[in-house]
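**Q** my questions are about this predicted structure, shown below with the sequence.
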Amino acid sequence: MAISISGLNACAVLPSSSSVMLTEGFDQSAGDNVPAYIITTTHATYYLEREGGGLSSMLDKDGIDWIGFNNIKGSGWKGEYRGFPNAVHKQDGSYFHAMNASTAPSKGEVTVNKPEHVQIHFISSNGKWKAQWDFYPDRCDFTMLNVSDGYHYWVQYEGVPGGEMDSSDFWYSSKSNTRQSIKTPFDGDLPSPEWIAFGDEKLERVIYLYSHKDDDSPDTYVSRPYMTVFGFGRKGKEKYLNAPQKFTIGFLESNDYAEISHAMRLKMAP
């Protein structure tokens, strides 16, 4: 998927290995005229939807989109439900999701734009939810800064490992070193350090999610037709997170459990 910005292909203009580049344009794969902050690194290209405040696309270095959002009403698991972090859903509003028919708008502001760090703040239209995005050469951090009093949220990856949900997909987690079929559910609290990674047997790459806080909230994975549904702080349709917390999403160039587990500990070490 390519995107035109002032006559240039944003995906073709890659930064150096230690830099992060911010441009603005449209995520053409997400629907007509979907405005986005576009953050490009050598590991990933992130499309942060400007009206909803959530990721609509996340491309690996080969141009494969591991989210696959589109805003077609009624597309459900085939598009409109997908994204990250999809955090606030019918909890004093619906925020931090790429804009679909039920998402409420948020306002974004670029607060840091440096060669190795881009930071963008979002505030919900009701002023009660605040979030922070931090993009680095090797990862993206999402931090919930302010939670509406008396409400809860979750942080979810709803997407397509390797660009399409199929039988070659799998997941690993901090719970066990056994590779799990993409159809195998999980329901429980991931042990410290809390992480999960999704991959495709055809690729030497995974997308990983990491919680920077070891809490006792439930974490749940279920497969749906056409997409994954993993949530930190989720059990069924209940949300359990009610305080500021930071999470990381990124790509790792391996599908070996020992290497992934080791990398998680190194990346997130204080």
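**A** Great, that's in hand. Numbers count the residues shown, from 1 in each chain.
**Q** make it CA atoms for all contacts and neighbour counts henceforth
**A** OK.
**Q** whatever helix or strand residue 111 lives in packs against which elements?
**A** Under the criterion of DSSP states H and E, residue 111 resides in strand 106-114. Under the contact criterion of 3 or more Cα pairs under 8 Å, 6 or more residues apart in numbering; DSSP states H and E, strand 106-114 touches strand 117-124.
**Q** how far out from the middle of the chain is the strand it packs on?
**A** On the basis of Cα atoms, centre = their mean, to the nearest Å, strand 117-124 sits 14 Å off its chain's mean C-alpha point.
**Q** next: stretch 75-83.
**A** Relative to the centre of its chain, stretch 75-83 is centred 14 Å away, using Cα atoms, centre = their mean.
**Q** any buried residues in that stretch, and which?
**A** Residues of stretch 75-83 classed as buried by neighbour count (16 or more other Cα atoms under 10 Å): 76, 77, 78, 79, 80, 81, 82, 83.
**Q** quick one: low-confidence residue ranges for the stretch 151-270 of the chain.
**A** Across the stretch 151-270 of the chain, the ranges flagged by pLDDT under 70 are 268-270.
**Q** run the last query once more with 80
**A** Where the stretch 151-270 of the chain drops to pLDDT under 80, the residues are 267-270.
**Q** what about the helices in it?
**A** Counting by DSSP state H, counting those that start in this stretch, the stretch 151-270 of the chain has helices at residues 257-267.
**Q** picking that back up, JSON lines for the buried residues of stretch 75-83, including pLDDT and secondary structure?
**A** Converted to JSON lines, the buried residues of stretch 75-83 look like this (pLDDT from 0 to 100; DSSP: H, G, I helix; E, B strand; the rest coil):
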{"residue": "76", "pLDDT": "94", "secondary structure": "helix"}
{"residue": "77", "pLDDT": "95", "secondary structure": "helix"}
{"residue": "78", "pLDDT": "95", "secondary structure": "helix"}
{"residue": "79", "pLDDT": "94", "secondary structure": "coil"}
{"residue": "80", "pLDDT": "95", "secondary structure": "coil"}
{"residue": "81", "pLDDT": "96", "secondary structure": "coil"}
{"residue": "82", "pLDDT": "97", "secondary structure": "coil"}
{"residue": "83", "pLDDT": "97", "secondary structure": "strand"}
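**Q** what pairs with the helix or strand hosting residue 132, and is each one parallel or antiparallel?
**A** Using DSSP H and E, residue 132 maps to strand 130-136. Sheet pairing here is set by DSSP bridges, and for strand 130-136 it gives strand 117-124 (antiparallel), strand 139-146 (antiparallel).
**Q** pLDDT wise, what is the nearest residue to residue 49 once chain neighbours are set aside at?
**A** With Cα to Cα, 6 or more residues apart in numbering as the criterion, residue 49 has its nearest non-adjacent residue at 4.3 Å, and that residue is residue 36. We note a pLDDT of 96 for residue 36 in this prediction.
**Q** using the three-state scheme, assign residue 36.
**A** strand (DSSP: H, G, I helix; E, B strand; the rest coil).
**Q** pretty sure it sits against residue 28.
**A** No: using Cα atoms under 8 Å, residue 36 is not in contact with residue 28, being 9.7 Å away.
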